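Asks: fold the following.
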Amino acid sequence: MGGMAEFERKLIRARCDEGIKRALARGTVFGRKSVLDAGERRKIAERYAAGETMATLARVQSRRGHGLEGFAGGLNHSGAATAARAD
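Replies: Below you'll find the model as predicted:
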């Protein structure tokens, strides 16, 4: 019984992987949409490059950090976008 379940699970996983590959080939973007538009991201990057902390920027944006933590991971300390988040 367990062997059959494992086999079925592998088939399901293979079909899911194929579907994900097709979706990516069509350009589908997975995950939540950003709460910040391109203009907001640019302004935050400029201010971060000028030396403001993410905590300060989050308070100013009145988002209490929502959406900024992931954004901060895409910046180096000069404020330039890294390869991971070059949008």
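Asks: could you list the domains of this protein?
Replies: If you go by automatic domain parsing, the domain ranges for the chain are 1-31, 38-85.
Asks: can you flag the weakest of these by average pLDDT?
Replies: Ranked by mean pLDDT, these bottom out at domain 38-85, which scores a mean of 70.
Asks: touching the lengthiest helix in the chain from outside, list them.
Replies: Under DSSP state H, the helix in the chain containing the largest number of residues is helix 2-26. The contact list for helix 2-26, computed with C-beta atoms under 8 Å, 6 or more residues apart in numbering, reads Phe30. Bear in mind the C-beta positions are built from the backbone N, C-alpha and C, glycine included.
Asks: what element comes up after it heading to the C-terminus?
Replies: As assigned by DSSP states H and E, the chain's next helix or strand after helix 2-26 is helix 38-49.
Asks: packing partners for the helix or strand that that next one is followed by?
Replies: Per DSSP H and E, the first helix or strand lying C-terminal to helix 38-49 is helix 54-61. Contacts defined by 3 or more C-beta pairs under 8 Å, 6 or more residues apart in numbering; DSSP states H and E place helix 54-61 against helix 38-49, helix 68-72.
Asks: make it 6 Å
Replies: Counting contacts by 3 or more C-beta pairs under 6 Å, 6 or more residues apart in numbering; DSSP states H and E, helix 54-61 is packed against helix 68-72.
Asks: re earlier: give me the buried positions along the longest helix of the chain.
Replies: Of all the residues in helix 2-26, not one is buried under the rule 16 or more other C-beta atoms under 10 Å.
Asks: how about Thr28, phi and psi?
Replies: Main-chain torsions, Thr28, degrees, to the nearest 10: phi -60, psi 140.
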